[in-house]
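Q: my questions are about this predicted structure, shown below with the sequence.
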Amino acid sequence: MKAFEKNVYQIYPLGAAGTPFENDHVLTHRLPRFVNEEWLDHYKKLNMDMILFNPLFESATHGYDTIDYRKVDSRLGDNEDLKKLVNTLHDQGISVLFDAVFNHVGRDFPQFQDVLKNREQSAYKDWFHIDFNGNNGYNDGLSYQNWEGYDALVKLNLQNPQVVQYLLDTVDFWIDEFGVDGLRLDVAYCLDQNFLRTLHAHVKSRNPEFFLLGETLHGDYNTWVNDQMLDSCTNYECYKGLYSSFNSKNFYEILYSFNRQFGKEQWCLYRGKHLLSFVDNHDVNRIASTLENKNLLPALYAMLYTMPGIPAVYYGSEWGMEGIKNNNDTSIRPEVEVPKWNELTDMIARLAKIHSEHPELVDGDYTQIAINNPWCIYQRSLNGKSIWTCINLLPESVDISVNFNGEMKNLMTDEDEAIEGRVHLEPENFKLLAF
């Protein structure tokens, strides 16, 4: 199974494992939690076959201020814990992605500390973008490029061959030591594009199936997702359109984006590509807090699993966990000792199973069948097989006129349904119809 055929589950381990926000550097074996019996059963029952772990390696606080790329964060455990975790997941048929934070490091990164100590004489002064005539918020008597104005995040010089080789060696270490199957490139939109090309060539020479996923927010995703750089990226355009369309009862917004990105016309932007689809993640409010009508959560996930793209679920959201961002994002990255299960989780597990069993939801083309502001039908088709996603946001039932007469199979109930020029939908509900 190729990476873009899989159902992704995202875990932010520093939060989910209940670590202190500030690194106390006390070795605590929290990482094995994620492969205990309860969690393994949860992944399998939920029909997940790829897990994306956000930062795992030694950092000062949230994981994105790296201290050591080759040592598991002491708050989570040690390298042996991570090796066992990946091996256990592989034994269950689940692949693993690491969060690769290659744009910047923390101030405690040893090479940067050497620059602070030895200044112009440091062997690492060209690993960063340093101005020894400037200053910064820490009053170091020098300034440096950072990430989006945060002096705690020191930008790496990815045009320096020594830095590039260090990062390639790090990826080799992750592959050889832990067996990682791919990477999420943090803030990929900031990364030097020649570095991305070099990284791509390097990992693909080792394993053509090694998966490179980039975090991108805006712009033309073809800039990064192409044969020389990334295999996929985060589809933030549709993330916004998903919740916004449901909140405003305006399906014209999200279906416009679907067609713009994946429609049949030659001008459509990302035909044949597989972007990462999501309704929330570790950087945004939980969808159960964003969605104004929580009764529509099942229908929203139905759209997530049937739209073009690779569907990803953020830990806890599958049972409706709520959370609004705070100043350090701990409110949307809480500890979970034991995963929960409810009717929403049942629904998502069913949708993930359907996604795995129907290639038309992976590689199928996209066609709009019917639309009004509060209801829609769209089609995914491949090799003569089609699935209609039919959604009604209204508090009353609707009958949607369609140019079809015949039998379809309701994939949520496994029952046949006669369609005679109309599709009937119950209030605030959906159907997946296959023919």
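A: The structure has been received and is ready for your questions.
Q: now the helices for the stretch 251-400 of the chain?
A: Assigned by DSSP state H, counting those that start in this stretch, the stretch 251-400 of the chain shows helices spanning 251-262, 287-290, 297-306, 343-357, 360-363.
Q: just checking the distance from the fourth one to the centre of its chain.
A: Mean-position distance between helix 343-357 and its chain equals 18 Å (Cα atoms, centre = their mean, to the nearest Å).
Q: likewise for the first one?
A: Offset of helix 251-262 from its chain centre (Cα atoms, centre = their mean): 20 Å.
Q: can you spell out which helices and strands pack onto that helix?
A: Counting contacts by 3 or more Cβ pairs under 8 Å, 6 or more residues apart in numbering; DSSP states H and E, helix 251-262 is packed against helix 236-248, strand 365-372, strand 375-382. C-beta here means a position set from N, CA and C on the backbone, and glycine is covered the same way.
Q: so which bits of the longest one are buried?
A: Right, helix 236-248. 236-239, 241-243, 245-246 (16 or more other Cβ atoms under 10 Å).
Q: just stretch 289-298 next, same as before
A: Buried, per 16+ other Cβ under 10 Å, within stretch 289-298: 289-291, 296-298.
Q: closest to M321 among these?
A: The closest of the buried residues of stretch 289-298 to M321 turns out to be S289 (Cβ to Cβ; 8.9 Å).
Q: how confident was the prediction at the closest one?
A: For S289, the pLDDT comes out at 98.
Q: now do the same end-to-end measure for stretch 411-431.
A: 8 Å (Cα to Cα, to the nearest Å).
Q: tell me the buried residues in that stretch?
A: Neighbour-count burial for stretch 411-431 flags 411-412, 417, 419, 423, 425, 428-431 (criterion: 16+ other Cβ under 10 Å).
Q: other residues contacting that stretch?
A: By Cβ atoms under 8 Å, 6 or more residues apart in numbering, the residues outside stretch 411-431 that reach it are 293, 295-296, 298-299, 302-303, 350, 354, 358, 370, 375, 377, 387-410, 432-434.
Q: picking that back up, for H29, find the nearest of the helices of the stretch 251-400 of the chain.
A: For the helices of the stretch 251-400 of the chain, proximity to H29 was assessed by Cβ to Cβ; helix 343-357 is nearest, at 27.7 Å.
Q: which residues touch the residue of the chain positioned farthest from its centre?
A: The outermost residue of the chain relative to its centre, with distances by Cα atoms, centre = their mean, is Q121 at 41.2 Å. By Cβ under 8 Å, 6+ apart, Q121 lies in contact with nothing.
Q: same question for D126.
A: Residues counted as contacts of D126 (Cβ under 8 Å, 6+ apart) are 157, 160, 162.
Q: considering these, which possesses the most neighbours?
A: N157 (19 neighbours; other Cβ atoms under 10 Å).
Q: and that residue, how far is that from L230?
A: Here the criterion is Cβ to Cβ, to the nearest Å. By it, N157 lies 21 Å from L230.
Q: circling back: using CSV, lay out the contacts of D126 together with distance to N327, secondary structure and pLDDT.
A: What follows is those, written out as CSV (distance: Cβ to Cβ, whole Å; DSSP: H, G, I helix; E, B strand; the rest coil; pLDDT from 0 to 100):
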residue, distance to N327, secondary structure, pLDDT
N157, 30, coil, 98
N160, 33, coil, 98
Q162, 36, helix, 98
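Q: which of these sits closest to H29?
A: Using Cβ to Cβ, the contacts of D126 come closest to H29 at Q162, 34.2 Å.
Q: surely the closest one and A123 touch.
A: No: at 9.1 Å, Q162 does not count as touching A123 under the criterion of Cβ atoms under 8 Å.
Q: mind listing the shared neighbours of these two?
A: Contacts common to Q162 and A123, judged by Cβ under 8 Å, 6+ apart, are absent.
Q: list buried residues within the contacts of stretch 411-431.
A: Buried among those by 16+ other Cβ under 10 Å: 296, 298-299, 302-303, 350, 354, 358, 370, 375, 377, 387-394, 398, 400, 402, 404, 408, 432-434.
Q: tell me which helix or strand M48 sits in.
A: Secondary structure assignment for M48, by DSSP states H and E: no helix or strand.
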